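Provide a 3D model corresponding to the input given below.
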Amino acid sequence: MGRLFGTDGVRGVANQELTAELAYKLGQAGAYVLAGETKHTPKILVGMDTRISGDMLESALVAGICSVGAEAICLGVLPTPAIAYLTRLYNADAGVVISASHNPFEFNGIKFFNGNGYKLPDAIEEKIEAIILDNAEELPKPTGKNVGVKSEIETALDDYIAFVKGTIEVDLKGMKIAIDCANGAAYQAAPVALFDLGAEVSVINNEPDGININSNCGSTHMGDLQKFVVESGAEIGLAFDGDADRVLAIDENGKTIDGDQIMAIIGLDLKRRGMLAKDTIVATVMSNLGFDIMAKKEGLNIAKTKVGDRYVLEEMLDKGYVLGGEQSGHVIFLEHNTTGDGLLTALQLLQVLKTSGKKMSELASVMHILPQVLKNAKVSNEKKHKYLEDEVIAKMCKELEDEFHGEGRVLIRPSGTEPLVRVMIEGKDQDYITTRAIELVKVIEERLG
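Numbers count the residues shown, from 1 in each chain. Got it, this is the predicted structure:
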């Protein structure tokens with residue numbers, strides 16, 4: 001990855017790594033590069049999640065955008081995928097989201113979408129980096145009437161809700177649904193969309209205060225929603241993350257349904273209706289082995305990519321696939337949106353639940369999940385990419401793989417946003433793979449700490 005941009009935009013602790021000064025420069029360089037050769041005044045949409053640092057970063061970002069003569073259109077708190085969609089709807093030149101997704105509140109991030117609603121390719125990110133870090137190009141400094149202005153669009157939330165509701169063909173009358181908004185960007189959009197479609201909705205964690213986003217709630221902490229689903233008698237629970245680009249589900253018994261299972265359920269329904277291009281779902285190397293077993297049995301093809309939604313999207317665009325995503329609940333429906341969209345995914349899942357007449361647990365049982373352990377090894381940022389070069393780590397991984405005889409696997413990879421190496425071990429015996437994962441983490445921390 002680049003010097004500023006990680007796997008998902010520019011991230012860091014707000015006011016420490018991601019400063020107002022950096023936000024200003026990103027606004028300037030981003031607006032300049034993404035507006036390109038436009039002959040009109042460039043329009044850049046700006047949205048954010050509910051973090052306390054959002055206001056500070058928005059002010060700086062907007063100042064940067066305006067300083068190069070572009071118009072900054074502020075949309076307020078909205079899911080990340082809403083900005084991707086609205087950039088196209090409003091015919092804007094680019095969209096910017098101020099969010100650190102599922103990270104704790106003290107972090108924040110800035111990520112861009114181009115005029116078509118897609119995340120930026122590496123070459124464009126590198127061009128923006130070169131302007132900020134190397135003064136690679138002289139930026140315009142318009143004066144007088146050519147200075148950029150800030151405006152707002154009051155209907156942004158309503159326009160996004162209307163769009164997601166239009167992606168399904170049924171109403172949700174008679175359905176009892178529990179949702180966890182993670183005190184994040186979905187806190188308005190998700191309840192309103194479900195109410196509008198006629199569902200009976202019970203909501204938790206939809207009172208953001210700037211510091212409670214993702215705090216023991218949402219798709220990274222499912223415990224409260226599991227209890228809430230059972231206590232409220234809901235037939236399904238839906239948990240969003242901080243910027244609502246992903247969703248995980250809970251069945252009527254309180255059991256978690258991950259992104260692999262969600263894609264299996266929706267993918268099989270699309271295949272049955274002749275709407276799954278090439279009968280293929282795009283997944284990453286992190287998807288559970290149970291996903292591959294299910295696909296083989298049901299006549300589905302699974303195309304595998306590196307970890308990261310950008311790689312899933314690249315494969316989908318390259319081969320014409322319509323459904324892809326990650327175990328984390330980041331699912332892309334390319335016929336509807338250009339990025340993972342938690343609310344859109346939730347509605348697609350609810351449509352299958354309603355039309356099938358089955359219980360959520362029954363739908364999820366199409367895929368058996370092999371036990372999987374995920375552990376984080378804390379390492380120094382400079383060394384997190386060097387795990388492949390370390391002979392001790394490589395030897396330990398190979399020995400484990402050999403031991404599994406194809407009924408398990410080991411996968412280690414650096415985090416795109418934090419000083420961590422992520423360790424994933426899959427196999428039939430939960431206790432055994434947990435012990436081995438802890439051993440491997442210890443070795444990685446000793447070697448790369």
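
for the stretch 1-150 of the chain, what spans make up the strands?
Under the criterion DSSP state E, counting those that start in this stretch, strands of the stretch 1-150 of the chain are mapped to 10-13, 43-48, 71-77, 94-98, 107-114, 150-152.

And the stretch 251-400 of the chain, by the same measure?
Assigned by DSSP E, counting those that start in this stretch, the strands in the stretch 251-400 of the chain fall at 256-257, 280-284, 301-305, 323-325, 331-333, 372-378.

highest average neighbour count across these?
The highest mean neighbour count among the strands of the stretch 251-400 of the chain, using mean count of other Cβ atoms under 10 Å, belongs to strand 323-325: a mean of 27. Every residue, glycine included, has its C-beta placed from N, CA and C.

Against which helices or strands is that strand packed?
Counting contacts by 3 or more Cβ pairs under 8 Å, 6 or more residues apart in numbering; DSSP states H and E, strand 323-325 packs against helix 259-272, strand 280-284, helix 309-319, strand 331-333.

What average pLDDT does the last one get?
Spelled out, it's strand 331-333. The average pLDDT for strand 331-333 rounds to 98.

Quick one, which of the strands of the stretch 1-150 of the chain gets closest to Asp158.
Closest approach to Asp158 among the strands of the stretch 1-150 of the chain (Cβ to Cβ): strand 71-77, 11.4 Å.

Show residues contacting the closest one.
Residues outside strand 71-77 that contact it (Cβ atoms under 8 Å, 6 or more residues apart in numbering) are 27, 41-50, 54, 58, 61-62, 65-66, 82-83, 86, 90, 92, 148-153, 156-157, 185, 187-188, 208.

Help me confirm that Thr7 comes into contact with Thr417.
Yes. If you go by Cβ atoms under 8 Å, Thr7 and Thr417 touch, sitting 6.7 Å apart.

quick one, which of these two is more surrounded?
Thr417 (20 against 17; other Cβ atoms under 10 Å).

Next, format the strands of the stretch 251-400 of the chain as TSV and append distance to Glu125.
Conversion of the strands of the stretch 251-400 of the chain to TSV gives the following (distance: least, Cβ to Cβ, whole Å):
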stretch	distance to Glu125
strand 256-257	34
strand 280-284	21
strand 301-305	19
strand 323-325	22
strand 331-333	20
strand 372-378	26
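
Ranked by average pLDDT, which of these falls at the bottom?
If the strands of the stretch 251-400 of the chain are sorted by mean pLDDT, strand 372-378 sits at the bottom with a mean of 91.

what's Ile131 in contact with, if anything?
Residues near Ile131 by Cβ under 8 Å, 6+ apart: Gln28, Ala29, Tyr32, Val33, Glu137, Leu139.

repeat that with 6 Å
The neighbours of Ile131, taking Cβ atoms under 6 Å, 6 or more residues apart in numbering as the test, are Ala29, Glu137.

quick one: it from Asn114, how far?
16 Å (Cβ to Cβ, to the nearest Å).

Check whether Ile250 really touches Phe228, as I assumed.
No. The criterion here is Cβ atoms under 6 Å, and Ile250 misses it with Phe228 at 8.5 Å.

any idea how the chain splits into domains?
10-154, 159-364, 372-448 (automatic domain parsing).

Columns distance to Lys358 on top of the helices and strands packed on strand 323-325, output as CSV?
Below are the helices and strands packed on strand 323-325 laid out as CSV (distance: least, Cβ to Cβ, whole Å):
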stretch, distance to Lys358
helix 259-272, 10
strand 280-284, 20
helix 309-319, 28
strand 331-333, 20
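
deepest of the strands of the stretch 1-150 of the chain, which one?
Mean neighbour count, computed with mean count of other Cβ under 10 Å, is highest for strand 94-98 among the strands of the stretch 1-150 of the chain, reaching a mean of 28.

quick one: contacts of it?
So strand 94-98 is contacted by 34, 44-48, 54, 57-58, 80, 83, 87, 110-114 (Cβ under 6 Å, 6+ apart).

Dump the domains of the chain into JSON lines; add distance to Arg3 as well.
Output for the domains of the chain, formatted as JSON lines (distance: least, Cβ to Cβ, whole Å):
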{"stretch": "domain 10-154", "distance to Arg3": "5"}
{"stretch": "domain 159-364", "distance to Arg3": "18"}
{"stretch": "domain 372-448", "distance to Arg3": "12"}
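
Can you point out the buried residues in stretch 262-281?
262-271, 276-277, 279-281 (16 or more other Cβ atoms under 10 Å).

In three-state terms, label Arg422 for me.
Classification of Arg422 by DSSP: H, G, I helix; E, B strand; the rest coil places it in strand.

beta partners for it?
Arg422 forms beta bridges with Asn376, Arg413, as assigned by DSSP bridges.

Quick one: residues contacting it.
If you count contacts by Cβ under 6 Å, 6+ apart, then Arg422 has Asn376, Arg413, Ser415 around it.

now with 7 Å?
Counting by Cβ atoms under 7 Å, 6 or more residues apart in numbering, Arg422 touches Leu374, Asn376, Ile412, Arg413, Ser415.

Give me the nearest residue to Leu411, chain neighbours excluded.
In this structure, Leu411 finds its nearest non-sequential neighbour in Met424, 4.5 Å apart by Cβ to Cβ, 6 or more residues apart in numbering.

Contacts only, for that neighbour.
Met286, Gln372, Leu374, Leu411.

swap the cut-off to 10 Å and go again
Residues near Met424 by Cβ atoms under 10 Å, 6 or more residues apart in numbering: 285-286, 288, 307, 327, 372-375, 409-413, 433, 437.

before we move on, what about Asn15?
Here Asn15 is in contact with Ala23, Ser53, Met56, Leu57, Glu106, Asn108 (Cβ under 10 Å, 6+ apart).

Please indicate which of those residues are buried?
By neighbour count, with 16+ other Cβ under 10 Å, the contacts of Asn15 hold Ala23, Ser53, Met56, Leu57, Asn108 as buried.
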